[in-house]
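> Based on what follows, work out the 3D shape:
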Amino acid sequence: MKIATFNVNGINSRLALVLSWLAEARPDVACLQELKSPDENFPAAAIREAGYGVLFHGQRAWNGVAILARGREPIETGRGLDGNSEDSQSRYLEAVVNGVIVGCLYLPNGNPQPGPKFDYKLEWFERLNAHARLLYGCGMPAVLAGDFNVVPTDADIYNPASWQDDALLQPESRAAFARLLKQGWTDAIRTRHPREAIYTYWDYWRNRWPRNAGLRIDHLLLNRELAPFLADANVDREVRGRPGASDHAPAWALLDLPAG
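Numbers count the residues shown, from 1 in each chain. Sure, this is the predicted structure:
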């Protein structure tokens, strides 16, 4: 079972690229973020025509998440996170696909910091961690996949010096991610590539893609029921270099699950 996550940075403007990647990579599950589309404009028909069932949780101009399942319909189990009834941002969607719970998330960026956007990032992170604790111990295989908007360590960025004031590298952001991992979650990409400089995001500015000046902020976390089946994990880096590409590349984990 191949599970992927991809911040598409606008599903309608990059639909052809997304469909091309789906046809080439053939993930069994694809978690998409930053749809930048309200539900009524989401290209569900095109995605279903490509062979994927789909759930989506959109929002006009910003945010938005979707879960795609090849050859089947994902069964929705959750939309949004508990703990803040006033939060209307579309950032979390959860479904069961082939017996695996899939949590697709787009964590707030938090810039500029300090300020209300950073406060919201940390508050959302705490609500995610509370939900993740329940998910981790639910007894079913589960994955949290998405754009976490946090660089876990200095090994996950080309050069931390120029990003010291960014919300993605703040000690509070990293501490929240560390608390999440401490619950027992396995970071699929770092487990398979413990010492490699591997990135998922390259800013459009300052020639960062050609220089490979990247960051690793898109993650796939596996709970104890799923982690033993991890066979491989990587990034479809070449997708970032295509014309009109998102500033992210798809990341994925391959799970050697037993039949049935």
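> Go ahead and flag the most central residue of the chain.
Nearest residue to the geometric centre of the chain (CA atoms, centre = their mean): G146, 1.0 Å.
> Quick one: residues contacting it.
By CB atoms under 8 Å, 6 or more residues apart in numbering, the contact list for G146 reads 5, 7, 31, 33, 65, 103-107, 218-219. Quick note: C-beta positions are derived from backbone N, CA and C, even for glycine.
> Swap in 7 Å and give it another go.
Applying CB atoms under 7 Å, 6 or more residues apart in numbering, we find G146 in contact with 5, 31, 33, 104-106, 218.
> now swap in V102 and tell me
With contacts defined as CB under 7 Å, 6+ apart, V102 is in contact with 3, 29, 31, 67, 94-95, 143, 145.
> and which of the residues you listed is nearest to R127?
Nearest to R127, judged by CB to CB, of the contacts of V102 is E94 at 13.4 Å.
> what's around the closest one, how many residues?
A count of neighbours around E94, defined by other CB atoms under 10 Å, yields 25.
> that older thread, kindly state the beta-bridge partners for the residue nearest to the centre of the chain.
Counting by DSSP bridges, G146 is bridged to L105, H219.
> For it, give me the pLDDT.
Note on G146: pLDDT of 98.
> Now name the helix or strand holding the residue nearest to V29 when sequence neighbours are not counted.
Nearest non-adjacent residue to V29, counting by CB to CB, 6 or more residues apart in numbering: I3, 4.5 Å away. I3 is part of strand 2-7, with elements assigned from DSSP states H and E.
> other SSEs contacting that strand?
strand 29-33, strand 142-147, strand 218-222, strand 251-255 (3 or more CB pairs under 7 Å, 6 or more residues apart in numbering; DSSP states H and E).
> Among the ones you listed, which comes closest to G78?
Taking CB to CB, strand 142-147 is the member of the helices and strands packed on strand 2-7 nearest to G78, at 11.5 Å.
> quick one, the helix or strand just after that closest one and strand 218-222 angle?
Next helix or strand after strand 142-147 toward the C-terminus (DSSP H and E): helix 171-182. Relative orientation of helix 171-182 versus strand 218-222 (axes from the mean of the first three to the mean of the last three CA atoms, to 10 degrees): 30 degrees.
> How far off centre is helix 171-182?
16 Å (CA atoms, centre = their mean, to the nearest Å).
> Please, where are all the strands along the protein?
2-7, 29-33, 52-57, 65-70, 75-79, 92-97, 100-106, 142-147, 186-187, 218-222, 230-235, 251-255 (DSSP state E).
> where does the stretch 151-260 of the chain dip in pLDDT?
260 (pLDDT under 70).
> Q59 reaches Y92, doesn't it?
No: in this structure, Q59 is not within contact of Y92 by CB atoms under 7 Å, at 12.0 Å.
> Compare the two (neighbour count), which wins?
Set Q59 next to Y92 and count neighbours by other CB under 10 Å: Y92 wins out with 23 against 19.
> ok, that one - contacts?
65, 80-81, 103, 105.
> Report the beta-bridge partners for it.
L105.
> Quick check, pLDDT for it.
Reading off the model, Y92 has pLDDT 98.
> re the thing from before, what's the neighbour count on the residue nearest to V29?
So I3, with other CB under 10 Å, has 24 neighbours.
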